[in-house]
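Asks: next comes the sequence, and after it the predicted model I'd like to discuss.
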Amino acid sequence: MRRVTALLTVIVLCMTMLAACSKPLSDLSAAERLDLGEKYLLEMNYEQALVQFLALIEVEPMNPRGYTGAAEAYVGLGRINDAVTILEKGIETTNDEAVREFLDSLPAITESMNQTRNDATGADRHGRPSRVDNPDGSYTVFEYNDNGTVSIMTSYASDGTARIVAEYDIDGKRVLTYFYREDGTLEQLDEHGANENVIKRTSYYADGTIRLLDENNADGNRLRSTFYNEDGSINTVYVSEYNEDGIEVKRTQYDSDDVLTYITEFDETSGKRLVGIQYNSGRMAFVYEYDSNENVIKSTSYEADGSVDYVDIREYDENGNRIRSTLYNADGSIRSVYE
């Protein structure tokens, strides 16, 4: 029931979901469909939310959130019978307890959503609410452009402190999102591109100094992440490369002195780790090779002159637990065996 309650207070969580990337709708992944569906629910755009959750069901029929999200959208549209139907389909397909619980609680959910509508305070000239109150005392305030699109949306905690502020352009697209801590200090600032993807994310320490800076491409894929110490100095930098399908294929790590420390290479189709290369003082020290479950199956240690020190061959059971490690010397002889 706690999960259902959380679903009913989606406005409190507004802006925590990021918009999906700029791909054509037909090319969106299940995760991107889910993000868009959650975003539209937050904005009470139930028609578009329904489109995304139904599409999610098509591409990922075992995901229970597709059914509960579609049911929420149906309830928002007043189509209760359709909500029941989609939930029954979800139970039949997934046998998931969350879907069954949602169906059992549907009368209470409908009453709560109706109460939320009744608690909306005021409306702009287009008939859209200027404030929506939630059962837990939190609330969201909307400001609008002259054309009726949202210009600013602010979510407040029950004590009246602003926690999330989103700013939109004249077309209603999000451009900035501010996240605040309970004490009112800025915790994170997201800058959005033309398709509402986050193109820059800055996280802050409580004193206002930068903790993390993420720089993304137009699709929202992270290109560079810079971690900072509290004194403002750089701690670690990660640089990522992607293929044309948007899958990360390489990630490179540097230390505070811009010295190479680690490279990870990923499979171009699955995105799973293939190889990890660890560097010490700029020289290659270890190379790790992974299986399809991302278990290290081979680890090669190198001397300072680049020659092989030893090779560790690892074996796993069907549950992914390591059951044997065999260390070989550079000449191929066995150094030791661990079981």
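Replies: Noted; the coordinates are in hand. Fair warning: this is a prediction, and the values are worked out from it, not measured in the lab. Residues are numbered from 1 along each chain as shown.
Asks: hey, where'd the helices end up in the stretch 201-339 of the chain?
Replies: Here the stretch 201-339 of the chain has no helices by DSSP state H, counting those that start in this stretch.
Asks: mind jotting down where the strands sit in it?
Replies: 210-216, 222-228, 234-242, 248-254, 260-266, 273-280, 283-290, 296-302, 308-316, 322-329, 334-338 (DSSP state E, counting those that start in this stretch).
Asks: for residue 293, give me its contacts.
Replies: Residue 293 makes contact with 316, 320, according to C-beta atoms under 8 Å, 6 or more residues apart in numbering. The way it works is simple: take the backbone N, C-alpha and C, and place the C-beta from them, glycine included.
Asks: how far away is it from residue 339?
Replies: Remark: distance between residue 293 and residue 339 (C-beta to C-beta, to the nearest Å) = 20 Å.
Asks: go on, residue 71?
Replies: Per C-beta to C-beta, residue 71 is found 51 Å from residue 339.
Asks: can you tell me the SS state at residue 137?
Replies: At residue 137 the chain is in coil, as set by DSSP: H, G, I helix; E, B strand; the rest coil.
Asks: against residue 50, how distant is it?
Replies: Distance from residue 137 to residue 50, by C-beta to C-beta: 29 Å.
Asks: compare these two (neighbour count), which wins?
Replies: A side-by-side neighbour count of residue 137 and residue 50, using other C-beta atoms under 10 Å, places residue 50 first with 24 against 12.
Asks: ok, the more buried one touching residue 73?
Replies: Yes: at 3.8 Å, residue 50 and residue 73 qualify as touching, with contact defined as C-beta atoms under 8 Å.
Asks: about what we covered before: between residue 71 and residue 339, which has more neighbouring residues?
Replies: It is residue 71, of residue 71 and residue 339, that has more neighbours when counted by other C-beta under 10 Å, with 27 against 8.
Asks: could you find the closest non-adjacent residue to residue 170?
Replies: Leaving aside its chain neighbours, residue 170 sits nearest to residue 145 (5.5 Å; criterion: C-beta to C-beta, 6 or more residues apart in numbering).
Asks: pLDDT at the one you found, what is it?
Replies: On pLDDT, residue 145 comes in at 80.
Asks: circling back: now render the strands of the stretch 201-339 of the chain as TSV, adding mean neighbour count, distance to residue 107 and mean pLDDT.
Replies: Shown next, in TSV, are the strands of the stretch 201-339 of the chain (neighbours: other C-beta atoms under 10 Å; distance: least, C-beta to C-beta, whole Å; pLDDT from 0 to 100):
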stretch	mean neighbour count	distance to residue 107	mean pLDDT
strand 210-216	17	43	96
strand 222-228	16	43	96
strand 234-242	16	47	96
strand 248-254	17	45	96
strand 260-266	18	47	97
strand 273-280	16	47	96
strand 283-290	17	49	96
strand 296-302	17	52	96
strand 308-316	16	49	96
strand 322-329	14	51	95
strand 334-338	11	59	95
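Asks: make a markdown table from the ones you listed and add distance to residue 45 to it.
Replies: Below are the strands of the stretch 201-339 of the chain laid out as a markdown table (distance: least, C-beta to C-beta, whole Å):
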| stretch | distance to residue 45 |
| --- | --- |
| strand 210-216 | 24 |
| strand 222-228 | 27 |
| strand 234-242 | 30 |
| strand 248-254 | 31 |
| strand 260-266 | 35 |
| strand 273-280 | 38 |
| strand 283-290 | 42 |
| strand 296-302 | 45 |
| strand 308-316 | 47 |
| strand 322-329 | 49 |
| strand 334-338 | 57 |
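Asks: right, and the ones you listed - which one's nearest residue 79?
Replies: strand 210-216 (37.0 Å; C-beta to C-beta).
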